[in-house]
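> Please work out how this folds:
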Amino acid sequence: MLGLDGAGKTQLLYRLKTKKYMITNPTIGFNVETIYLQHKRPVTVWDVGGQKRLRFLWIHYLQNTQLVMYIIDSTDRDFARLQQCRYELHKLLHYQELDNIPFMILFNKNDLPNAMNDEEIQENFNLSVDLQYIVTTHKILVIKTTAASNKSVQDIIKKLKNVIIEQQK
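Coordinates of the predicted model:
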C-alpha cells in the first residue's frame, strides 16, 4: 500500500485485517500484516509511510510485488498535495520493474461530503493522458472507497482476490 501521508493506508490495512475501525498513528517506516482473502488465502500487505522524506524508500518495498494498492485521500483538495499525489502515482506507473503488475487505485474517504466526484478525480489525476501506455503495461482498477465501511472493505477484498487469481493464471 502506497500513497501520501494521511490517505488512510494504515486504517485501510487494519480494516482489511480485523474488519474493525481502529485509531492509527502516522506510519514512520512500514507496517506489514497478513490478511486472509476468501477461502483462507493469505496475502502479505505492506503499508509504507507516505511522508515526503520516506517516499524514496518505496521502490525498496516493491520486489516480488503481485499488486500495488495506491491510496488517495479523496477529500484532500490542496493543489500542491494533488500534484505530489499525481506525480508519485505516475512515477510508479512508469517504474519499469512494475510493468505487468496490476494497480488498485483507491480513492479513500469517499463517504465524506467533500470527497471528489468522478469528474474531479478524472480532472485532477488525468489518468487518460497516460492511458495508452498504462493499458499496455498494467491492469488498473480505480475504486472509490472508505475504510469506515465494512461493505467497502469487503468489496476491496473481493476485487483483490480476483486480481491475484487472474494474475496467477
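> Please make it C-alpha for all contacts and neighbour counts, starting now.
Will do.
> what's the longest helix in this structure?
In the chain, taking DSSP state H as the definition, the longest helix is helix 150-167.
> centroid residue for this protein?
residue 70 (2.3 Å; Cα atoms, centre = their mean).
> in the sheet, who's paired with that residue?
Under the criterion DSSP bridges, residue 70 forms beta bridges with residue 2, residue 105.
> what sits against it?
Residue 70 makes contact with 1-3, 89, 103-106, according to Cα atoms under 8 Å, 6 or more residues apart in numbering.
> hmm, which of those residues are the buried ones?
Neighbour counting with 16 or more other Cα atoms under 10 Å marks 1-3, 89, 103-106 as buried within these.
> Any stretches of the protein with poor pLDDT?
Filtered on pLDDT under 70, the chain yields the residue ranges 127-136, 169.
> ok, which stretches of it are strands?
30-37, 41-48, 68-73, 103-108, 140-144 (DSSP state E).
> Can you list the helices and strands that the longest helix of the chain packs against?
If you count contacts as 3 or more Cα pairs under 8 Å, 6 or more residues apart in numbering; DSSP states H and E, helix 150-167 packs onto helix 9-18, strand 30-37.
> can you tell which of these is closest to residue 155?
helix 9-18 (10.3 Å; Cα to Cα).
> contact partners of that closest one?
The contact list for helix 9-18 (Cα under 8 Å, 6+ apart) reads 1-3, 20-24, 26-27, 31, 33-36, 45, 47, 71, 147, 150, 153-154, 157.
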